[in-house]
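J.: here is my input; please provide its structure:
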Amino acid sequence: MNLILHIGTAKTGTTSIQHTFGKSRKILEKNNLYYPHMEHDQYNHIHTFSPLFMDTPYNQPYLIARGFTKENYKRMQMDLEKWWIKEFESCPVQNFMISAENLSVYNKKQIERMKGFLLQYFSAIHVIVYIRPATSYINSWAKQDIKNGNKIGNLEDGYQQCIYSYDHLLGKIITYHEMFQDQKITLRPFVKEHMLNGDVIEDFLQVIDINISLEKVNSNQSIGKNGVFLLKALNDRYPNVIDGKLNMERGLVRRYVPVHVLSKVKDDKFDIDIHYNQEEAHSINSKLRIINHLLDSDYYFDEIIPDETETEFPHTEEISMDYYVDLINEYNKHLEKIIQRIEEQRKIRQHLNQERTKLKMTQEAEELLRTYQKQGYKLTTTIKNIFKYLYHKLVGLEGFDAAYYLNTYDYLKIKKRDPLMHYMLRGAYQGKNPNPDFDTQLFILQNPRMALSGENPLLVKRKDRVQ
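T.: Predicted structure coming up:
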């Protein structure tokens, strides 16, 4: 089995690739590529694969939000490792893909550990990395750092750190090339004119030799000057993390600030004309020369020309009143959509509850539900359902919301039960609902024949809908 290991780098369309591939998993599988994802992961393996080889994952804000602590991180790493091994061993096709942009900043020791782990399960590894030109990367990453909720101090310090990070990143990529020379590594420039049709997803598909068209997910949410200033002020007052713990005084600390709202507000572009001193230019250029020889392209990164002129930064206090007004209006429109969805769901649930009450108030209805529950404990029914579970574990079960199921019946989390297995072997017979809009007991009462057949209500509904 072969592995495609996509290591980013940051700000090179990684999220768009992950979401496009994640939402096209079935199509990709037909084309001999398996793209895994854990239910809560949203297709980004930065939260589930990257922590395996970190010494102190509990220091990373995005992993703190996922529950990593100094006390539990080793257990969480072991649980994640078991999950990945299970995914490797059950992969239904020849090619497997992992995508996490922070793998690109692993140190040599971490890369060695990761490579050793992966070669236990894969006969060949193809590392793919995209690289952005210096000034473009630094401007983009500085904004991303602010969007991530990190407190950076003044802009000058933040940009200085980004210059160091880019220099550091180039060194890491060279290390990857040295360590994967016995495998395959492809370095591509993240430059529109040098990607297939100017598109990173089409370019990536070409690199992995898959000739199909996918429905693309554009995850780029760019914010302008006032948006940067506003988020920076928020981070300064309410940073995401304080003393290694989530700052619960910050709103949405367990989630992300809805940056897409800020991206819709009319705003001036935020790009700094960066000047590099002699030492910075020399260090970056020495690595760019090596990178240019390794690129899988006729493109070459221009070397940086040193300039002792000071970089000019705008004053962060200069946020216009018009921007505040437009921002509040965009937030109101965003809230209106959320409220509308909540109201629609409430009406659906009210109707379901009314129907359920009408049917369940009778003794006959209670007897019907008891009969169906007994069917679930028959050996013949259990064996049938095991085979159905194994099938739907591979292809997915439309209408089953694993996140909802675990959150609603949270004792399953404590017992570390597979939500789909529990639902198909026991949950349906106990009257548990697979999603917030499907009432299992109501469906059984509306379809009395199921009480004797022992069929799964969600599967019956899907079958009826197809017919």
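
J.: mean confidence for the helix ranked longest in the chain?
T.: The helix of greatest length in the chain, counted in residues with DSSP state H as the criterion, is given as helix 321-360. Model confidence over helix 321-360, given as mean pLDDT, is 81.

J.: packing partners of it?
T.: The criterion is 3 or more CB pairs under 8 Å, 6 or more residues apart in numbering; DSSP states H and E, and the helices and strands that helix 321-360 contacts are helix 225-237, helix 259-263, helix 440-446. Yep, even glycine has a C-beta here, placed from its N, CA and C like the rest.

J.: buried residues of the longest one, list them for me.
T.: When you say that, I think you mean helix 225-237. For helix 225-237, the buried set under the neighbour-count rule, 16 or more other CB atoms under 10 Å, comprises 225, 226, 227, 228, 229, 230, 231, 232, 234, 235.

J.: closest to residue 127 out of the helices and strands packed on helix 321-360?
T.: Comparing those against residue 127 with CB to CB, the closest turns out to be helix 259-263 (29.8 Å).

J.: out of the buried residues of helix 225-237, who's nearest residue 169?
T.: Distance ranking of the buried residues of helix 225-237 against residue 169, using CB to CB, places residue 228 first at 21.6 Å.

J.: so for the closest residue to that closest one other than its chain neighbours, what's the pLDDT?
T.: On the basis of CB to CB, 6 or more residues apart in numbering, the spatially nearest residue to residue 228 that is not a chain neighbour turns out to be residue 270, at 5.0 Å. What the model reports for residue 270 is a pLDDT of 85.

J.: and residue 160, by the same measure?
T.: Reported pLDDT at residue 160 in the predicted model: 89.

J.: the closest residue to residue 457 other than its chain neighbours and residue 53: what is the separation?
T.: Distances taken as CB to CB, 6+ apart put residue 443 closest to residue 457, at 4.5 Å, once the chain neighbours are dropped. Residue 443 sits 46 Å away from residue 53, going by CB to CB, to the nearest Å.

J.: likewise residue 181?
T.: Taken as CB to CB, the span from residue 181 to residue 53 is 20 Å.

J.: which one's more surrounded, the two?
T.: residue 53 (21 against 9; other CB atoms under 10 Å).

J.: residue 112 is in contact with the more buried one, correct?
T.: No: with contacts counted by CB atoms under 8 Å, residue 53 stays clear of residue 112, the gap being 9.1 Å.

J.: just how off-centre is stretch 286-294 within its chain?
T.: Averaging C-alpha positions (CA atoms, centre = their mean, to the nearest Å) puts stretch 286-294 31 Å from its chain's average.

J.: actually stretch 93-102, not the one I wrote
T.: Average the C-alpha atoms of stretch 93-102, do the same for its chain, and the two points are 13 Å apart (CA atoms, centre = their mean).

J.: number of nearby residues for residue 338?
T.: Residue 338 has 10 neighbours, counted by other CB under 10 Å.

J.: so which other helices or strands are in contact with the lengthiest strand in the chain?
T.: Identified as the longest strand of the chain according to DSSP state E is strand 124-131. If you count contacts as 3+ CB pairs under 8 Å, 6+ apart, strand 124-131 packs onto strand 2-6, helix 155-179, strand 184-189, helix 200-207.

J.: and these as TSV, adding mean neighbour count?
T.: Listed next are the helices and strands packed on strand 124-131 as TSV, based on neighbours: other CB atoms under 10 Å:
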stretch	mean neighbour count
strand 2-6	23
helix 155-179	18
strand 184-189	20
helix 200-207	20
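
J.: out of these, nearest to residue 260?
T.: Between residue 260 and these, the shortest gap by CB to CB is with helix 200-207, which sits at 19.6 Å.

J.: where exactly do the strands run in the chain?
T.: Shown for the chain, the strands assigned by DSSP E span residues 2-6, 33-34, 95-99, 124-131, 184-189, 241-242, 245-246.

J.: residue 370 is nearest to which of the ones you listed?
T.: Of all the strands of the chain, strand 33-34 comes closest under CB to CB, at 42.0 Å.

J.: what's the closest one in contact with?
T.: Strand 33-34 has contacts (CB atoms under 8 Å, 6 or more residues apart in numbering) with 4, 25, 28, 91, 92, 93, 95, 96, 97, 208, 210.

J.: which ones are touching residue 201?
T.: For residue 201, the residues meeting the contact criterion (CB under 8 Å, 6+ apart) are 13, 16, 17, 20, 214, 216.

J.: let's go with 10 Å and repeat that
T.: With CB atoms under 10 Å, 6 or more residues apart in numbering as the criterion, the residues that contact residue 201 are 13, 16-17, 19-21, 24, 195, 213-218.

J.: and residue 308, by the same measure?
T.: So, once contact is read as CB under 10 Å, 6+ apart, residue 308 ends up touching 275, 276, 277, 278.

J.: same question for residue 389.
T.: With contacts defined as CB under 10 Å, 6+ apart, residue 389 is in contact with 397, 418, 420, 421, 422, 423, 424, 425, 456.

J.: number of residues surrounding the second one?
T.: What it means is residue 418. For residue 418, the tally of surrounding residues (other CB under 10 Å) stands at 13.
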